[in-house]
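Asks: Sharing a model that was predicted from the sequence below.
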Amino acid sequence: MAQEVTQVLLNAQSADGVVRKLAEDSLKQFQEQNLAGFLISLSHELANSEKPPDSRKLAGLILKNSLDAKEAARKQELVGRWVSLDPTVKTQIKSALSQTLSSVVPDARHTSAQVIAKIAAIELPQGEWPELVGSLLANMGGPQVEQPAHLKQATLETLGYVCEEVSAEILAQEQVNAILTAVVQGMNASETSNDVRLAATNALYNALDFAQTNFENDMERDYIMRVVCEATLSTDSRVRQAAFECLVSIGSTYYEKLAPYMQDIFAITSKAVKEDEEPVALQAVEFWSSICDEEIEIQEEDFTGDSEVPYFQFIKQALPALVPMLLETLTKQDEDQDQEEGAWNLAMAGGTCLGLVARAVGDDVVPLVMPYVQENVSKPDWRCREAATYAFGSILEGPSLAKLAPLVNVALNFMLSAMTDENTHVKDTTAWTLGRIFEFLHGPNVQFPVITQENLPLILAVLLESIKDTPNVAEKVCGAIYFLAQGYEESTGALSPLSPFFQNIVQALLATTDREDAGDSRLRTSAYETLNEVVRISTQDTAAIVIQLVPVIMQKLNHTLEMTVLSSDDREKQSELQALLCGVLQASSKLIMLMTSDGCC
């Protein structure tokens, strides 16, 4: 079998199902009958430069999957099998893998780097393979020895994977120092190969958790930060992106060490956001989001007395320049961003960061954002209108209600009229913003409520009309109705301000769940979640409507039992729909039981 392994690996990738199945069975039989021989054959296949690239790639993949698995019990079984192998067998495999790092075939080097790291994750914690780090560092060469760029690239990639796989306490500080030295040298602007610089930058990202001691040393920290900042200016966009990813991680991991570098970091992030390619600019914005996250957490811990990290107020200090930079990103929308689930672009990243800035600094953000909103919200260009609405919606959490309520009271009617805007993006963001208004400025404990008995009819008339719009807009409208209903949860007595509109709301939500296009997005799910909430907060005077709703929901639940289920996706959709319907039934039954016990039904 060992002699035939190349052909079997090729056959296992055949388009012919019969040939493929026979090959897969042969590989499984070989593995079960002679695990040591199987793994050695795979490692030699991967290392042999005369073998076809496809067989080498699959050999490496099978080898990797023989060492690790996502499921914990299976992973433990694979680790046990490796540990029980004869030491000479393991040495042969590791030698072949180390040899493969010098291959001119990128896939072979990449796979070998991954497998070496998987073995390291098993052996280093046990005190085995002590020579690994030293042998890898030897591949980097030295003053008298210049190694090929592809070997240095593969070695740095391996070091990065090893740091990703093993815990920081496993490596001795001398080893960490040596790894960081090699990595930072590989990142240096003097390195002529961009592939080496990229591998080094990615390796640093994985090694940052190991660098606690190094970041405590001013000179070493300065050097690392200088090299990272220089890498953000590389001519290769891949290196720039990876360098900003390192800055994001540094911002989260070493926040308390950042003060001396923040001025330079603002300069390079600002330049990237304004001028660089989107993947790079996204990471530059993400740096500021990570700083916001840290400062929000510090403030929350300060409130409870648990914070051990000093609060430098980096966001507050950067505010006059940071907010304009973020506002500038908001008009860089994608035409189809509302239709793509999971879409992410510079405008969305900028708005998300602006929302975090508002949470971090509170009232101070408002006077910096509102002139932009007022200037752009009525412009002919839809991008400006959408951006202004997004900016306004983004700052509704964080500032005080006293600061926001007067602005929202002025803006609310305008927002409601914007739900008839000619552009779908504007309507989508307007509906989202209305949802945010209802979430943060509406409820029994809100000192300055923006929803009154006078404007509630208009609000609901607009929402119940807009729920008929395109799926993405209708989904946001459902969210707005959800928070509108939630704000009346603690209505006193048997009546709720929402009661006169209850039947219309329920009918509109049921009609939404029946839309032919409701399954194209999260619309059906959102409509049922909102229906659940509307029923949950309903009061005694709407009990009769809730009773009439129960058989409708039961019928819909019965229909789910007749759904055609041909795949795991179908099964998941069926289960989700059943759970949503059961949620509505549960909310209904609680209300009915409560009314019955009070003698109201």
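Replies: That came in fine, so what should we check first? Numbers count the residues shown, from 1 in each chain.

Asks: sec struct for Val446, please.
Replies: What DSSP: H, G, I helix; E, B strand; the rest coil gives for Val446 is coil.

Asks: Likewise for Ser14?
Replies: Three-state call for Ser14 (three-state DSSP): coil.

Asks: Please shift the residue numbers so they start at 527 in all later answers.
Replies: Sure, I'll start numbering at 527, so the last one becomes Ser540.

Asks: Who are the contact partners of the closest residue in space to it that isn't next to it in sequence?
Replies: Distances taken as C-beta to C-beta, 6 or more residues apart in numbering place Arg546 nearest to Ser540, at 4.8 Å, with adjacent residues excluded. For glycine as for every other residue, the C-beta is placed from the backbone atoms N, C-alpha and C. Residues in contact with Arg546 (C-beta atoms under 8 Å, 6 or more residues apart in numbering) are Asn537, Ala538, Gln539, Ser540.

Asks: and of these, the nearest to Lys590?
Replies: For those, the minimum distance to Lys590 (C-beta to C-beta) is 15.3 Å, reached by Ala538.

Asks: thought that closest one was touching Glu550?
Replies: Yes. Using C-beta atoms under 8 Å, Ala538 makes contact with Glu550 at a distance of 5.5 Å.

Asks: Of the two, which one has the most company?
Replies: The residue with more neighbours, out of Ala538 and Glu550, is Ala538; 20 against 13, by other C-beta atoms under 10 Å.

Asks: Relative to Phe964, how far out is the more buried one?
Replies: Distance, Ala538 to Phe964, by C-beta to C-beta, to the nearest Å: 56 Å.

Asks: Name the SS class of Leu604, please.
Replies: Secondary structure of Leu604, per three-state DSSP, is helix.

Asks: With Ser628 instead?
Replies: Assignment for Ser628 (three-state DSSP): coil.

Asks: Could you measure from the closest residue in space to it that isn't next to it in sequence over to Glu782?
Replies: Setting aside the residues directly before and after it, Ser628 is nearest to Leu677 in space (C-beta to C-beta, 6+ apart), at 4.9 Å. Using C-beta to C-beta, Leu677 is found at 38 Å from Glu782.

Asks: what do you get for Thr996?
Replies: 47 Å.

Asks: Name the secondary structure element that contains Asn1084.
Replies: Per DSSP states H and E, Asn1084 falls inside helix 1069-1087.

Asks: meant to ask about Ala793, not that
Replies: According to DSSP H and E, Ala793 maps onto helix 788-801.

Asks: pLDDT of that helix, averaged?
Replies: Helix 788-801 comes out with an average pLDDT of 96.

Asks: which other helices and strands contact that helix?
Replies: Here helix 788-801 touches helix 744-757, helix 763-779, helix 804-830, helix 840-855, going by 3 or more C-beta pairs under 8 Å, 6 or more residues apart in numbering; DSSP states H and E.

Asks: helix or strand for Val702, which one?
Replies: Per DSSP H and E, Val702 falls inside helix 699-713.

Asks: what does that helix contact?
Replies: Against helix 699-713 from outside (C-beta under 8 Å, 6+ apart): 659, 663, 666, 678, 681-682, 685-686, 689, 694, 697, 717, 722-723, 725-727, 729-730, 733, 736-737, 739-740, 749-750, 753-754, 756-757, 769.

Asks: Pull the contacting residues for Glu1059.
Replies: For Glu1059, counting by C-beta under 8 Å, 6+ apart, the contacting residues are Tyr1008, Ala1011, Gln1012.

Asks: List the ones among these that fall in helices.
Replies: Among the contacts of Glu1059, DSSP state H puts Tyr1008, Ala1011, Gln1012 in helices.

Asks: Would you confirm that the first one contacts Gly961?
Replies: Yes. Proximity of Tyr1008 to Gly961 meets the contact threshold set by C-beta under 8 Å, at 7.4 Å.

Asks: Beyond the helix holding Asn1084, next helix or strand please.
Replies: Using DSSP H and E, the helix or strand that follows helix 1069-1087 in sequence is helix 1094-1123.

Asks: Tell me the buried residues in that next one?
Replies: By neighbour count on 16 or more other C-beta atoms under 10 Å, the buried set for helix 1094-1123 is Lys1099, Leu1103, Leu1106, Leu1107, Gly1109, Val1110, Leu1111, Ala1113, Ser1114, Leu1117, Ile1118, Met1121.

Asks: Would you check that the fourth one makes contact with Thr1086?
Replies: Yes. With contact defined as C-beta under 8 Å, Leu1107 reaches Thr1086; the gap is 7.0 Å.

Asks: what is the rounded mean pLDDT of stretch 652-664?
Replies: Averaged across stretch 652-664, pLDDT comes to 93.

Asks: can you pull the buried residues of the helix holding Ala793?
Replies: Ile791, Phe792, Ile794, Thr795, Ser796, Ala798, Val799.

Asks: What about Asn1030, how many residues nearby?
Replies: For Asn1030, using other C-beta under 10 Å, the count is 12.

Asks: could you redo the ones in helices among the contacts of Glu1059 as TSV and give each row pLDDT?
Replies: Output for the ones in helices among the contacts of Glu1059, formatted as TSV (pLDDT from 0 to 100):
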residue	pLDDT
Tyr1008	97
Ala1011	94
Gln1012	93
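
Asks: ok, of those residues, which one's closest to Gln557?
Replies: Tyr1008 (52.6 Å).

Asks: mind listing what the residue lying closest to that closest one once chain neighbours are set aside touches?
Replies: Distances taken as C-beta to C-beta, 6+ apart place Thr1056 nearest to Tyr1008, at 4.4 Å, with adjacent residues excluded. For Thr1056, the contacting residues are Cys1004, Gly1005, Ile1007, Tyr1008, Ala1011, Leu1035, by C-beta under 8 Å, 6+ apart.

Asks: So what's the residue count around the nearest residue to the fifth one once chain neighbours are set aside?
Replies: On the basis of C-beta to C-beta, 6+ apart, the spatially nearest residue to Ala1011 that is not a chain neighbour turns out to be Val1060, at 4.7 Å. Residues contacting Val1060 under the criterion other C-beta under 10 Å number 25.

Asks: same thing with the one 3 residues further on?
Replies: Residue neighbour count, defined by other C-beta under 10 Å, stands at 19 for Ile1063.

Asks: same question, Gln625
Replies: Neighbour count of Gln625, defined by other C-beta under 10 Å: 16.

Asks: now do Thr761
Replies: As a burial measure, Thr761 scores 9 neighbours (other C-beta under 10 Å).

Asks: Helix or strand, whichever it is, which one in the chain has the lowest mean pLDDT?
Replies: One helix or strand of the chain scores below all others by mean pLDDT, DSSP states H and E: helix 1094-1123, with a mean of 82.
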